[in-house]
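>>> Prediction below, plus the sequence it came from.
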Amino acid sequence: MSDRPPPASGAEPRPHFAPTRAPGRVKEVSSISNPIIKDIRALAQKRHRDETGLFLAEGLKLVIDALDAGWEIQTLIVAKAEIGQELLAKTAARTVSLGADLVEASAKVLEAITRRDNPQNAVGVFRRRLTPLAKLDVTGTNVVVALDRVRDPGNLGTVLRTADAAGASGVVLIGETVDPFSLETVRATMGSIFSVPLARASEAEFLEWRKRFKGLVTGAHMAGAIDYRKPDYGAGATVLLMGNEQAGLTDRLTDACDVLVRIPQAGRADSLNLAVATGVMLFEVRRGALSL
């Protein structure tokens, strides 16, 4: 393993955007038993993500999206065999200039990190970022999507991607939810996790915040008697409250809604996938704000 000298020890850590931060180190790693790789692989486990505040983003597109959005990168792992590719080389140089480390890895190492047989040529280690509930923008006709105990990483990733596409001003995760920074969820967002403000709250914290919210709280519910297209979403800000995949909304969250709505269905299916239902409703809420 080759290694350029690290920055001087004892220096105070600086934000990644600080111009005085020392350039990152460049390493070459071919063994999955390397301590650096062991630490990175450990981020597949939620416990290690919680302990370190770090997570993985796989793919050059996601890495560039995160850097462009100002997220703090700690390490970039790239395929050594492809480092000559122009965009990958530029991103590697950009990462080092920001003070993060660059690891040129073998295909075997990338496979071990991503747990995939055909990994992409770049994986970034980023610091997690959450937005305080009180900081979400609920002015004007903005819409916030609130998810009650979402369990499926694919559903959460798709909701974040859809919220980004529709121009939602944030997503709130209520209660015990799947980790939004798991590798599976981040993959499913296709980079939108870096664009949509994301907040986490207990049910009690959300209900307390809801008391101060002056807009419309719309809940999707099987007992809803109102067509989801009927409410006047253009009158002010909206919170779109969606329930758990199996159990729906809790009683307390249901009682906190101003209106309970339902999507009409004609076929034999008794329900829609959470991400699909959220997308259908979200684009209806945002209808007045979207145009080609």
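Sure thing, it's come through. Numbering: from 1, shown residues only.

>>> any chance you could map the helices in the stretch 1-150 of the chain?
Using DSSP state H, counting those that start in this stretch, the helices found in the stretch 1-150 of the chain span residues 35-41, 46-52, 60-68, 86-97, 107-114.

>>> So which bits of the last one are buried?
Neighbour-count burial for helix 107-114, counted by 16 or more other C-beta atoms under 10 Å, picks out 107, 109-110, 112-114. Backbone N, C-alpha and C define where each C-beta goes, glycine included.

>>> Can you add distance to residue 75 and mean pLDDT and give the helices of the stretch 1-150 of the chain back as JSON lines?
As requested, the helices of the stretch 1-150 of the chain are arranged in JSON lines below (distance: least, C-beta to C-beta, whole Å; pLDDT from 0 to 100):
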{"stretch": "helix 35-41", "distance to residue 75": "7", "mean pLDDT": "94"}
{"stretch": "helix 46-52", "distance to residue 75": "11", "mean pLDDT": "97"}
{"stretch": "helix 60-68", "distance to residue 75": "11", "mean pLDDT": "97"}
{"stretch": "helix 86-97", "distance to residue 75": "8", "mean pLDDT": "96"}
{"stretch": "helix 107-114", "distance to residue 75": "11", "mean pLDDT": "93"}
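
>>> Residue 212 is nearest to which of those helices?
helix 46-52 (28.8 Å; C-beta to C-beta).

>>> What residues of that closest one count as buried?
Residues of helix 46-52 classed as buried by neighbour count (16+ other C-beta under 10 Å): residue 49.

>>> try stretch 22-40
Neighbour counts over stretch 22-40 (16+ other C-beta under 10 Å) mark 23-27, 29, 32, 34, 36-37, 40 as buried.

>>> what about that stretch, how long is it end to end?
The first and last residues of stretch 22-40 sit 22 Å apart, counting by C-alpha to C-alpha, to the nearest Å.

>>> re the thing from before, pick out whichever of the buried residues of helix 107-114 sits closest to residue 290.
For the buried residues of helix 107-114, the closest approach to residue 290 (C-beta to C-beta) belongs to residue 114, at 35.0 Å.

>>> For residue 267, give me the pLDDT.
Per-residue pLDDT puts residue 267 at 86.

>>> Reduced to three states, what does it come out as?
coil (DSSP: H, G, I helix; E, B strand; the rest coil).

>>> got the contact list for it?
Listed by C-beta atoms under 8 Å, 6 or more residues apart in numbering, the contact set of residue 267 is empty.

>>> same deal with residue 235?
Contacts of residue 235 (C-beta under 8 Å, 6+ apart): 141, 216.

>>> ok, now the one 5 residues further on?
Contacts here follow C-beta under 8 Å, 6+ apart; on that basis residue 240 touches 143-146, 218, 220, 278, 281-282, 285.

>>> and those as JSON lines, adding pLDDT, neighbour count and distance to residue 78?
Below are those laid out as JSON lines (pLDDT from 0 to 100; neighbours: other C-beta atoms under 10 Å; distance: C-beta to C-beta, whole Å):
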{"residue": "143", "pLDDT": "98", "neighbour count": "25", "distance to residue 78": "38"}
{"residue": "144", "pLDDT": "98", "neighbour count": "24", "distance to residue 78": "36"}
{"residue": "145", "pLDDT": "98", "neighbour count": "25", "distance to residue 78": "34"}
{"residue": "146", "pLDDT": "98", "neighbour count": "26", "distance to residue 78": "38"}
{"residue": "218", "pLDDT": "97", "neighbour count": "25", "distance to residue 78": "45"}
{"residue": "220", "pLDDT": "94", "neighbour count": "23", "distance to residue 78": "42"}
{"residue": "278", "pLDDT": "97", "neighbour count": "25", "distance to residue 78": "35"}
{"residue": "281", "pLDDT": "96", "neighbour count": "25", "distance to residue 78": "40"}
{"residue": "282", "pLDDT": "97", "neighbour count": "22", "distance to residue 78": "36"}
{"residue": "285", "pLDDT": "96", "neighbour count": "23", "distance to residue 78": "41"}
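
>>> Quickly name whichever of the residues you listed is closest to residue 254.
Within the contacts of residue 240, proximity to residue 254 (C-beta to C-beta) peaks at residue 220, which comes in at 10.3 Å.
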